[in-house]
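**Q** okay, predicted coordinates and the sequence, questions at the end:
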Amino acid sequence: MQFLIFSDSHGNHFPMVNVIRQHPDITNVLFLGDGLADVERLFAMFPQHVFRCVRGNMDFFIMREAEDTDLFTLFGCRVMMMHGHLAGVKSSTAVAEKRACEAGARVLLYGHTHRPECRYLSDEGLYVFNPGSIGRPYDGKSSYGLMDVLPDGSVMLSHGEVK
């Protein structure tokens with residue numbers, strides 16, 4: 001099962017629209033916070049898509065309820081989503097990684113830093129992934145993530161750059 005992963009749109013939903021249109025076969029979208037109002041626009045534009053979202057530090061007024069973290073399991077692969085501000089990810093991802101491991105996650109998805117990252121912690125068996133910012137990147141390159149969870153529970157993660 002494939003997923004598009006977005007974070008930190010900050011009032012700019014247009015790049016997400018473009019990416020969704022570039023990937024017409026992917027109908028699962030994960031949003032890691034700071035732009036839930038932007039995702040509200042996507043609900044109406046793409047009613048066939050399934051959206052899972054967590055709240056970021058800038059998501060004050062939103063129409064739909066969103067939690068600070070979300071956990072789900074697909075094909076035996078447990079995934080933890082968070083924005084990351086409550087775990088201090090701008091300084092270090094150690095707290096977020098610990099929470100993910102304690103929850104039995106094999107994948108940690110987080111945002112907040114506006115910087116893409118993909119690492120595998122072999123001792124913990126944990127993928128640590130940040131899609132970067134889709135709407136306000138620090139380096140001028142809007143990015144997003146792609147995740148494919150295969151029926152055997154294996155995971156493939158990669159980044160895409162908005163064209």
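**A** Perfect, I can see it now.
**Q** count of residues packed around residue 154?
**A** Counted with other C-beta atoms under 10 Å, residues neighbouring residue 154 total 12. From N, CA and C alone the C-beta is placed, and that goes for glycine too.
**Q** contacting residues around it?
**A** Residues near residue 154 by C-beta atoms under 8 Å, 6 or more residues apart in numbering: residue 77.
**Q** again, only this time at 6 Å
**A** Going by C-beta atoms under 6 Å, 6 or more residues apart in numbering, residue 154 touches no other residue.
**Q** can you check residue 104 too?
**A** residue 78.
**Q** element containing it?
**A** Using DSSP states H and E, residue 104 falls within no helix or strand.
**Q** so for residue 127, what's the nearest residue that isn't a sequence neighbour?
**A** Distances taken as C-beta to C-beta, 6 or more residues apart in numbering place residue 107 nearest to residue 127, at 4.6 Å, with adjacent residues excluded.
**Q** correct me, but that neighbour touches residue 78?
**A** No. Residue 107 sits out of contact with residue 78 when judged by C-beta atoms under 6 Å, with a separation of 7.5 Å.
**Q** what about these two, which has more around it?
**A** Remark: of residue 107 and residue 78, residue 107 carries more neighbours, 20 against 15, as counted by other C-beta under 10 Å.
**Q** would you mind putting the CA coordinates of the helix or strand of the chain with the lowest mean pLDDT into PDB?
**A** Within the chain, no helix or strand scores below helix 36-45, which has a mean of 93 by mean pLDDT, DSSP states H and E. Provided in PDB are the C-alpha atoms of helix 36-45 (Å, rounded to 0.1, in the frame of the first residue of the first chain):
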ATOM      1  CA  LEU A  36      -4.500  21.200   8.700                       C
ATOM      2  CA  ALA A  37      -6.500  24.000   7.300                       C
ATOM      3  CA  ASP A  38      -4.800  23.300   3.900                       C
ATOM      4  CA  VAL A  39      -5.700  19.700   4.200                       C
ATOM      5  CA  GLU A  40      -9.300  20.700   4.700                       C
ATOM      6  CA  ARG A  41      -9.300  22.100   1.200                       C
ATOM      7  CA  LEU A  42      -7.900  18.800  -0.100                       C
ATOM      8  CA  PHE A  43     -10.800  16.800   1.500                       C
ATOM      9  CA  ALA A  44     -13.200  18.500  -0.900                       C
ATOM     10  CA  MET A  45     -10.900  18.400  -3.900                       C
END
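**Q** no further queries at this time; thank you.
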